[in-house]
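# generate coordinates for the sequence data below:
(2 chains)
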Number of protein chains: 2
Amino acid sequence: MSGSKILNGNAVVGQSGGPTAVINQSLVGVVETLRGRAGVDKILGTHHAVRGIVNDDLVELQDIPQERLERLAKTPSAALGSSRDKPDEQYCQRIFEAFEKNNVRYFFYIGGNDSSDTCRIVNDLANKAGYELRAFHVPKTIDNDLVNNDHTPGYGSAAKFVVQAFIGDNLDNKALPGIKINVIMGRHAGFLTAASVMARQHAGDGPHLIYVPEVAFDVDRFIADVDRVYGREGRCLIAVSEGIRNAANEPIMAQLVARQEMDAHGNVRLSGTGALGDYLSETLKAELGSALRIRADTFGYLQRSFAGCVSTVDAEEARQVGRKAAEAALLGNLDGSIAIQRVSDEPYKVEYKLIALDDVAAKTRTLDPRYIVNNCDIDESFRQYLAPLVGRLPVVESLRTR
Amino acid sequence: MSGSKILNGNAVVGQSGGPTAVINQSLVGVVETLRGRAGVDKILGTHHAVRGIVNDDLVELQDIPQERLERLAKTPSAALGSSRDKPDEQYCQRIFEAFEKNNVRYFFYIGGNDSSDTCRIVNDLANKAGYELRAFHVPKTIDNDLVNNDHTPGYGSAAKFVVQAFIGDNLDNKALPGIKINVIMGRHAGFLTAASVMARQHAGDGPHLIYVPEVAFDVDRFIADVDRVYGREGRCLIAVSEGIRNAANEPIMAQLVARQEMDAHGNVRLSGTGALGDYLSETLKAELGSALRIRADTFGYLQRSFAGCVSTVDAEEARQVGRKAAEAALLGNLDGSIAIQRVSDEPYKVEYKLIALDDVAAKTRTLDPRYIVNNCDIDESFRQYLAPLVGRLPVVESLRTR
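Prediction:
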């Protein structure tokens, strides 16, 4: 992976896929590490990911004062704009032309597994064309589904939002008892939905049932689960992943949305609709009785964008992966992805490793089966994994346990 | 409104209607002011509002250490449990029997306009029965719709949630441009939806359109509004009240939910479903083109229950209204409601007034028409009203204004 030590040219940095609360930390980490370093001339931010490269829609970042960069780092969502475009061969050809034209020799792409795959393809084409490019993937995804990573930047803050939402909603459901369904983001991996387990602080606290995409979702079993919990607790708080699938591995959502909508990566749209929650709620009503108080909320885009709910550790690590990618490029590495690996739980300690793009691209990590209990719950041991990633949480007081 | 100075007996305090982030502050305000005072023996919390009174499901609160009360005050949702029951004559008869049996002479009911009406009815029956009761309504509602109040406890924190959600979602919508609809709570009053205006920090920021229940909602005009903004901005962020109504004053939601569900107050259920957002999103797709990226989120119960999003001023005022109600009762007043009235904007200053139950019960305050612009926006002057109620907000940085 090692090339010549000093490569003269410009750098391009882009942000791709779904924004997170800390993706700008990674952007700032790249910029502050690259600027002023031998070989690096301009640091160009590409607007809306690969699209900005081919459309020559770039912004110079090297002269932004550190003070403004610090404010930017604390701002949620992708400041450069994002995109879900997945470049094909022709698209990549245009990216090279733009890179050559602008003498771009450093490329940093902040994104998830689809984005790391884009990064890999662009890099492969660069290699074939004999164009010396240092291409680095900087990890980001609230889904936490990158292989060879203990966790990903963006996950901790989104998980913190989910936990705080459940801490409050558990109390709301206790005050006005009924059946409450909360739908959480996560296409293939249940990490974000599993985070809801940390909301339990007192005996009887919800979520009482947790459904993740890793387990086939069976409607009849779901109804029986809810009936059992409701009989026991007089209420039932449920966490459901938007990506839950039937035994044939088809998303439940795929059967519900009137107009099937696919993204550029061939995925059915799951977010931005209350359809899944409403379907589950209607199903329970039809089976368990229409007099029951049954409600569904879909946390939607708030999970990744809400201003003012950021995990300190997540923010720090997002900054670090940006810095490490830039350092790796400056040290002469040709390509790779920065992976976060946990060294110890107590004290919490991680290390950052440079891994091959092939070791992360287009692969999906899912929840370890040992965390999944009876197909409808998450083991309490998941707290140990999650606790350092979300940081301090509100502690609530109760007048009685039930 | 004045009775004998010292009335010997027990006190009952209850929490009714939708919980808020600060309703426990009011509970603690009542308890800490009453205890140890001449005339007051036990302070009984009623579980699930009026239901706990008739079912003798009460909890003694006078001996809870202040430290635990402080933690309880900071806990969102109604710690005593709540209810949406509206007592009829027979129900009230049972309440009196319970009050007589327990020698209850002080009654504090924390709730919104439906709850203040309940308080009034109970009090009227007490008067008719010649039973000396000091009955006080303590204001609470995220809807901010109590007449003779500048604002209500619970509103500031819910508004803070809405503003923070829009600050983040505006950036998310800017990063991945499209049309985004956010549905916000509020049956008759658009105060909470109007709060979204405060999310605008830079030129071009959304929400670009704001629809409140005070203005008849016209679907054709809505489509034209969105088309116009999308053409101008390349994106469109929309705030919509769940309570929007057509020209015939029927909630749009009433036409959408398969099984009409009414609460005890005869209201159609609006929350706990994504139906309105999905309907508006499908309508825009059908009219403006299915290739557009259109998403809808419904903020749902998170607005009132999210743990860790509390306005400092709101928390303080919620505590004060509880204290003031207890003080009024101890001073010998027979009944009333505590109203918050604003003395000045800068410095922000309020005073608490004891008003008659009739002056607040079963009446609904709506948004002053001067705040509503072109039927689809909120005037910037609303910020002056709202700013002190939500307190400090996250400030975000931008790389460009568009």
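
# setting the sequence-adjacent residues aside, check what's closest to the closest residue to chain B within chain A.
For chain A and chain B, the shortest gap (C-beta to the nearest C-beta) falls at A:Gly274, measuring 1.3 Å. To be clear about C-beta, it is placed using only N, CA and C from the backbone, and glycine gets the same treatment. Nearest residue to A:Gly274 in three dimensions, chain neighbours excluded: B:Gly274, at 1.3 Å (C-beta to C-beta, 6 or more residues apart in numbering or on different chains).

# now for that neighbour, how many residues are close by?
26 (other C-beta atoms under 10 Å in any protein chain shown).

# those residues of the stretch 1-150 of chain A touching chain B, which are they?
Residues of the stretch 1-150 of chain A lying near chain B by C-beta under 8 Å from any C-beta of the partner chain: A:15, A:18-19, A:21, A:45, A:48, A:59, A:68, A:71-72, A:74-84.

# rerun that using 6 Å as the cut-off
A:19, A:71-72, A:75-79, A:81-82 (C-beta under 6 Å from any C-beta of the partner chain).

# tell me the secondary structure for A:His137?
Three-state call for A:His137 (DSSP: H, G, I helix; E, B strand; the rest coil): strand.

# was I right about it contacting A:Arg120?
No: if you go by C-beta atoms under 6 Å, A:His137 and A:Arg120 don't touch, sitting 7.7 Å apart.

# strands of chain A, residue ranges please.
In chain A, the strands defined using DSSP state E lie at A:9-15, A:40-46, A:58-60, A:104-111, A:134-139, A:179-184, A:209-211, A:236-241, A:294-298, A:335-344, A:349-355, A:372-373, A:377-378.

# rewinding a little: for the residue of chain A closest to chain B, give me its contacts.
With contact set as C-beta atoms under 6 Å, 6 or more residues apart in numbering or on different chains, A:Gly274 has these partners: A:298, B:274, B:278, B:298.

# what's the end-to-end length of stretch A:171-188?
29 Å (C-alpha to C-alpha, to the nearest Å).

# how far out from the middle of the chain is whichever helix in chain A runs longest?
Ranked by number of residues, the top helix in chain A under DSSP state H is helix A:155-175. The chain centre lies 18 Å from the centre of helix A:155-175; the measure is C-alpha atoms, centre = their mean, to the nearest Å.

# tell me the angle it makes with strand A:335-344.
50 degrees (axes from the mean of the first three to the mean of the last three C-alpha atoms, to 10 degrees).

# need the contact partners of helix A:155-175.
Outside of helix A:155-175, the residues within contact range by C-beta under 6 Å, 6+ apart are A:21-22, A:142, A:144, A:180, A:184, A:192, A:195-196, A:198-199, A:205-206, A:235, A:237, A:303-304, A:306, A:309-311, A:313-314, A:389-390, A:393, B:19, B:76-78, B:81-82, B:301-302, B:305-308.

# contact partners for the nearest residue to A:Gln25 once chain neighbours are set aside?
Sequence neighbours aside, A:Ala318 is the residue nearest to A:Gln25 in space, at 3.8 Å (criterion: C-beta to C-beta, 6+ apart). The contact partners of A:Ala318, by C-beta under 6 Å, 6+ apart, come to A:22, A:25-26, A:153.

# likewise A:Phe99?
Going by C-beta under 6 Å, 6+ apart, A:Phe99 touches no other residue.

# before we move on, what about A:Arg228?
Contacts of A:Arg228 (C-beta under 6 Å, 6+ apart): none.

# please tell me how far it sits from A:Asn182.
A:Arg228 sits 19 Å away from A:Asn182, going by C-beta to C-beta, to the nearest Å.

# ok, which stretches of the stretch 301-402 of chain A are helices?
Under the criterion DSSP state H, counting those that start in this stretch, the stretch 301-402 of chain A carries helices at the ranges A:302-305, A:312-330, A:382-390.

# can I get the longest one as PDB, trimmed to CA atoms?
The C-alpha atoms that make up helix A:312-330 are tabulated as PDB, following Å, rounded to 0.1, in the frame of the first residue of the first chain:
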ATOM      1  CA  THR A 312     -18.800  13.100  23.000                       C
ATOM      2  CA  VAL A 313     -16.900   9.900  22.200                       C
ATOM      3  CA  ASP A 314     -18.600   9.700  18.800                       C
ATOM      4  CA  ALA A 315     -17.600  13.300  17.900                       C
ATOM      5  CA  GLU A 316     -14.000  12.600  19.000                       C
ATOM      6  CA  GLU A 317     -13.700   9.400  17.000                       C
ATOM      7  CA  ALA A 318     -15.300  10.900  13.900                       C
ATOM      8  CA  ARG A 319     -12.600  13.600  14.000                       C
ATOM      9  CA  GLN A 320      -9.900  11.000  14.500                       C
ATOM     10  CA  VAL A 321     -10.800   8.800  11.500                       C
ATOM     11  CA  GLY A 322     -10.600  11.900   9.300                       C
ATOM     12  CA  ARG A 323      -7.200  12.800  10.700                       C
ATOM     13  CA  LYS A 324      -5.900   9.200  10.500                       C
ATOM     14  CA  ALA A 325      -6.900   8.900   6.800                       C
ATOM     15  CA  ALA A 326      -5.100  12.200   6.000                       C
ATOM     16  CA  GLU A 327      -2.000  11.100   7.900                       C
ATOM     17  CA  ALA A 328      -2.000   7.700   6.200                       C
ATOM     18  CA  ALA A 329      -2.100   9.400   2.800                       C
ATOM     19  CA  LEU A 330       0.700  11.800   3.800                       C
END
